[in-house]
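Chemist: Build me a model from this:
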Amino acid sequence: MRRFTVSLSVIVIVLLGSVVAWGSGTSAQEPFATPGPGEFELVPGQIGREVAGGLVPEPPAGPVYFGLLHITVAPGSVFTAPADLSVGLNLVESGELTVRLEAPVTVTRTTGSEEVAAGTEFTLGPGESFIWLPNVAGELRNDGPEPAVQLLAFLFPTQEEAATPLAGTPVP
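Modeler: Numbers count the residues shown, from 1 in each chain. Okay, the predicted model is just below:
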């Protein structure tokens, strides 16, 4: 009986060792991914890439409402904004948008940054962005034949004021 117990113990140890050795080659100890060009690792398993950003020299005074909008802009649609206290990070996801601002602006292109003079029209394509600074009037429109999609992260001095509709031209 003792020989059977010892033999059974040896078999169990060998089997456990085999399972541990086999399992170690397939465990989740490998890294999730390796950051590619323009990416960085936040912590293991989290890869990041800055999509859009810029400097806001004077953000709106607090308290502020912080929002993120996903906007589909129909062909021929025009958005006209008066100078107000909001600041917005505008990123084109698809399509093209034409913008004219009454202040100089830095446009982040897929190829690098570009300085645009006040009152000058510029067109943005997918992956391109700019920051619409406070107290700057302007216009954003879709001159193309296809809808454009824009992501807009914005800060506005209060939630009540942020809900005030702005001027726009509806499309039939």
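Chemist: okay, and for this protein, where does confidence drop off?
Modeler: Where the chain drops to pLDDT under 70, the residues are 1-32, 159-172.
Chemist: Let me see the ranges of the strands in it.
Modeler: 40-43, 46-48, 65-73, 78-81, 87-94, 97-101, 105-109, 112-116, 121-124, 129-132, 138-141, 148-156, 168-169 (DSSP state E).
Chemist: Make TSV out of those strands and add mean neighbour count.
Modeler: C-beta: built from backbone N, CA, C; applies to glycine. Below are the strands of the chain laid out as TSV (neighbours: other CB atoms under 10 Å):
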stretch	mean neighbour count
strand 40-43	10
strand 46-48	13
strand 65-73	13
strand 78-81	16
strand 87-94	19
strand 97-101	20
strand 105-109	18
strand 112-116	11
strand 121-124	16
strand 129-132	21
strand 138-141	20
strand 148-156	19
strand 168-169	12
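Chemist: out of these, nearest to residue 33?
Modeler: strand 46-48 (5.4 Å; CB to CB).
Chemist: what pairs with that closest one, and is each one parallel or antiparallel?
Modeler: Strand 46-48 has the following strand partners under DSSP bridges: strand 40-43 (antiparallel).
Chemist: Would you mind writing the CA trace of the partner strand as PDB?
Modeler: C-alpha atoms of strand 40-43 as PDB (Å, rounded to 0.1, in the frame of the first residue of the first chain):
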ATOM      1  CA  PHE A  40       3.300  55.200 -26.000                       C
ATOM      2  CA  GLU A  41       2.600  52.700 -23.300                       C
ATOM      3  CA  LEU A  42       0.700  54.100 -20.300                       C
ATOM      4  CA  VAL A  43       1.000  51.000 -18.200                       C
END
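Chemist: That one: how far from the chain's middle?
Modeler: Relative to its parent chain, strand 40-43 has a centroid offset of 16 Å by CA atoms, centre = their mean, to the nearest Å.
Chemist: ditto for stretch 144-157
Modeler: Computed by CA atoms, centre = their mean, the chain-centroid distance of stretch 144-157 equals 12 Å.
Chemist: residue nearest the centroid of the chain?
Modeler: By CA atoms, centre = their mean, the chain has its centre lying nearest to residue 51, at 4.9 Å.
Chemist: residues contacting the residue nearest to it when sequence neighbours are not counted?
Modeler: Among residues not flanking residue 51 along the chain, residue 91 sits closest, at 6.3 Å (CB to CB, 6 or more residues apart in numbering). Neighbour list for residue 91: 51, 52, 127, 128, 129, 150, 151, 152 [criterion: CB atoms under 8 Å, 6 or more residues apart in numbering].
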